[in-house]
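Undergrad: got a sequence here, can you build the structure:
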Amino acid sequence: MRHSVWCVLKNVEGKYLLLKRANTANNGGQWNFPGGGIEPGEDILAAGAREFHEECGVAIHEWKKIKTIVSNTRVMHFIMPAAHHEPNVVINHESSKFGWLTLEQISSKALHKPTSKFFKNQT
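TA: Residues are numbered from 1 along each chain as shown. Predicted structure coming up:
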């Protein structure tokens, strides 16, 4: 099973931070939470902090796990900062843009599978 970690940030207006994958990147054109694969032996929270820093240019050191979703081929861990953060994001080459999006805006976007599963599993 493949394990991945996804960083969920929500601002004071209730909007979620999502990145749009560059057309040249894996899953190009899809919107997703910052995140990605967990390296062998890597802690979930450390992996999330690493991925967030790589993709958004911001170091957030304290995270907490909020949800795990298991599918046939992967285990998706979702984390959020332990304290409120609304960082000044500087995306890397993997993304073409980012946005703070409402649930209504998100519902009209082409979402990467883990991000889509997160919103479908919201209760």
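
Undergrad: A25: how many residues sit nearby?
TA: 16 (other CB atoms under 10 Å). For glycine as for every other residue, the C-beta is placed from the backbone atoms N, C-alpha and C.

Undergrad: give the contact list for the residue nearest to it when sequence neighbours are not counted.
TA: Spatially, and ignoring its direct neighbours in sequence, A25 is nearest to E94 (4.7 Å; CB to CB, 6 or more residues apart in numbering). Residues near E94 by CB atoms under 8 Å, 6 or more residues apart in numbering: 19, 21-22, 25, 55.

Undergrad: just the ones in helices from the residues you listed, please.
TA: When the contacts of E94 are checked against helices (DSSP state H), the matches are E55.

Undergrad: give me the residue at the spatial middle of this structure.
TA: Nearest to the geometric centre of the chain sits F33, at 2.2 Å (CA atoms, centre = their mean).

Undergrad: report pLDDT for it.
TA: pLDDT for F33: 97.

Undergrad: hmm, it is touching S4, no?
TA: No. Assessed by CB atoms under 8 Å, F33 is found out of contact with S4, at 10.1 Å.

Undergrad: and the residue nearest to A25, backbone torsions?
TA: Here is the backbone geometry of E94 (degrees, to the nearest 10): phi -70, psi -20.
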